[in-house]
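> Structure for this input, please:
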Amino acid sequence: MISLAQRLSWGLTLSLILLLGAQWGVVTYAIGQLVEQQLIDRLQREGEGLLAGLRIGAAGQMRLDETRPGARYQRPFSGQYYLVVAPQQRLASRSLWDAELEVPALSPGQRQTLYQRGPEHQSLLLVAHGYRKQQVSFTLVVAEDLSALQQQLATFRLLYAVLSLAGLAALLLLQRRIVQRALHPLHQVQQDMARLARGEIEQLTVCGPQEVAPLLQEMNRLLAGMDKRTRRSREALGNLAHALKTQLARVNQLAEQHSGTDAPLRDELYAATLAIQAVIDRELKRARLLGDLRPGRQVDLPHEVGRLVDTLQKLFRSDEFEALYAE
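Okay, here's the model as predicted:
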């Protein structure tokens with residue numbers, strides 16, 4: 001059988017694990033989405049800057065102002081790329097070198113965010129926009145390598161997981177201490193029950209939380225009621241035995257008075273009264289031995305000896321009692 005402490009511990013442990021796990025998932029997901037959205041906004045601004053530097057000739061030929069792209073667009077496989085795709089022309093950054101990006105043709109005003117593998121197996125985030133400039137429709141794509149960002153996010157997730165596990169361990173130790181302190185009154189009740197069985201106390205100590213105190217009060221009330229009923233039953237049994245003994249003595253007296261007329265009847269009455277007397281004595285002795293609710297109760301020797309001395313003083317004269325005590 002699982003104890004109450006184990007049930008509480010398991011319940012709180014599972015609750016904390018679910019709570020911290022959900023918190024870890026939500027926080028890491030939210031931070032990842034926030035960082036990615038910031039990257040998308042930055043790529044959007046990069047695309048607008050490239051769009052401003054795009055020149056279209058009279059024949060529809062596109063040319064990008066060389067002063068617009070940054071140094072990373074010039075270094076091969078730098079992780080930052082742009083691509084302009086028109087029906088009759090395709091402009092790409094020098095950083096792409098001979099690599100190709102799969103770019104859908106977008107209508108003016110459309111926007112897409114794509115993920116794909118780039119040069120040297122880089123994980124790229126692409127922001128593609130459809131534009132129309134000087135009667136020429138084209139798609140402008142700006143891409144950036146996510147490898148460094150993903151590594152940083154993985155490091156953050158690992159660090160946050162370690163901190164969450166450390167917090168979980170501290171919370172588990174704290175909740176274990178709280179459960180032990182909360183259940184301490186039950187251990188006190190267990191000790192009181194053992195003392196009650198040994199007869200050291202007559203009532204349980206009413207202490208503890210509000211959920212336990214009413215139970216202890218009802219148990220004390222039950223013990224007091226059973227003690228009263230047992231005492232009344234013993235007194236009633238004693239009175240009955242005394243009344244029966246009186247009537248048996250009367251029967252023996254009548255049998256003695258008529259002993260001359262029917263001796264066999266007298267002997268039969270004597271045998272019956274002796275048998276009844278034996279049954280009464282046996283039941284009284286059993287009641288004295290088993291009648292107490294707390295049979296393990298220790299004897300208060302000073303109190304009992306004092307009562308015995310008072311009784312002997314009443315039965316014997318002072319000189320006879322002193323001689324008896326001297327013997």
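
> pLDDT-wise, which helix or strand of this protein ranks last?
helix 318-326 (a mean of 56; mean pLDDT, DSSP states H and E).

> got a list of what Phe77 touches?
By Cβ atoms under 8 Å, 6 or more residues apart in numbering, the contact list for Phe77 reads 95, 97, 99, 119-120, 122. The way it works is simple: take the backbone N, C-alpha and C, and place the C-beta from them, glycine included.

> Drop anything exposed from those residues.
When the contacts of Phe77 are checked for burial by 16 or more other Cβ atoms under 10 Å, the buried set is 95, 119, 122.

> The residues you listed into JSON lines, with extra columns for pLDDT?
Below are the buried ones among the contacts of Phe77 laid out as JSON lines (pLDDT from 0 to 100):
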{"residue": "Ser95", "pLDDT": "84"}
{"residue": "Pro119", "pLDDT": "86"}
{"residue": "Gln122", "pLDDT": "88"}
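
> Confirm that Glu211 sits in a strand.
No. Judged by DSSP: H, G, I helix; E, B strand; the rest coil, Glu211 forms no part of a strand; its state is coil.

> Next, the contact list for it, please.
Going by Cβ under 8 Å, 6+ apart, the list of residues near Glu211 is empty.

> residues of stretch 166-184 that come out buried?
For stretch 166-184, by 16+ other Cβ under 10 Å, it's 168, 171, 175, 179, 182-183.

> Following the chain onward from the longest helix along the chain, which element is next?
Assignment by DSSP state H gives helix 147-198 as the longest helix of the chain. For helix 147-198, the succeeding helix or strand toward the C-terminus, using DSSP states H and E, is helix 213-257.

> pLDDT of that next one, averaged?
Helix 213-257 shows a mean pLDDT of 79 in the predicted model.

> chain center to it: distance?
51 Å (Cα atoms, centre = their mean, to the nearest Å).

> can you check stretch 254-274 too?
For stretch 254-274, the distance to the chain centre is 78 Å (Cα atoms, centre = their mean).

> what does it contact?
By Cβ under 8 Å, 6+ apart, the list of residues contacting stretch 254-274 from outside reads 248, 251-252.

> cutoff 10 Å now
244-245, 247-252 (Cβ atoms under 10 Å, 6 or more residues apart in numbering).

> Could I get those residues in JSON lines, plus columns for distance to Tyr270?
Output for the contacts of stretch 254-274, formatted as JSON lines (distance: Cβ to Cβ, whole Å):
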{"residue": "Leu244", "distance to Tyr270": "16"}
{"residue": "Lys245", "distance to Tyr270": "15"}
{"residue": "Gln247", "distance to Tyr270": "15"}
{"residue": "Leu248", "distance to Tyr270": "10"}
{"residue": "Ala249", "distance to Tyr270": "12"}
{"residue": "Arg250", "distance to Tyr270": "13"}
{"residue": "Val251", "distance to Tyr270": "9"}
{"residue": "Asn252", "distance to Tyr270": "7"}
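
> pLDDT weak spots in the stretch 1-150 of the chain?
1-2, 66-68 (pLDDT under 70).

> do that again at 90, thanks
Scanning the stretch 1-150 of the chain with the threshold set as pLDDT under 90 gives 1-16, 46-110, 113-123, 131-138, 147-150.

> now the helices for it?
Using DSSP state H, counting those that start in this stretch, the helices found in the stretch 1-150 of the chain span residues 4-52, 147-198.

> okay if I get those helices as JSON lines plus distance to Ala105?
Output for these, formatted as JSON lines (distance: least, Cβ to Cβ, whole Å):
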{"stretch": "helix 4-52", "distance to Ala105": "16"}
{"stretch": "helix 147-198", "distance to Ala105": "28"}
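
> Identify those among the contacts of Phe77 that sit within strands.
Assignment to strands by DSSP state E places none of the contacts of Phe77 there.

> can you redo those as a markdown table with distance to Arg7?
Formatted as a markdown table, the contacts of Phe77 follow (distance: Cβ to Cβ, whole Å):
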| residue | distance to Arg7 |
| --- | --- |
| Ser95 | 62 |
| Trp97 | 65 |
| Ala99 | 61 |
| Pro119 | 58 |
| Glu120 | 56 |
| Gln122 | 53 |
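
> hmm, which two among those residues are most spread apart?
Largest separation among the contacts of Phe77 by Cβ to Cβ: Trp97 and Gln122, giving 12.4 Å.

> Give me the common contacts of those two.
Shared contacts of Trp97 and Gln122, counting by Cβ under 10 Å, 6+ apart, come down to 77, 81.

> before we move on, back to that, which among the helices of the stretch 1-150 of the chain is found nearest to Pro76?
That would be helix 147-198 among these, by Cβ to Cβ, at 16.2 Å.

> now the closest one and helix 213-257, what's the angle there?
Angle of helix 147-198 versus helix 213-257, following axes from the mean of the first three to the mean of the last three Cα atoms, to 10 degrees, is 20 degrees.
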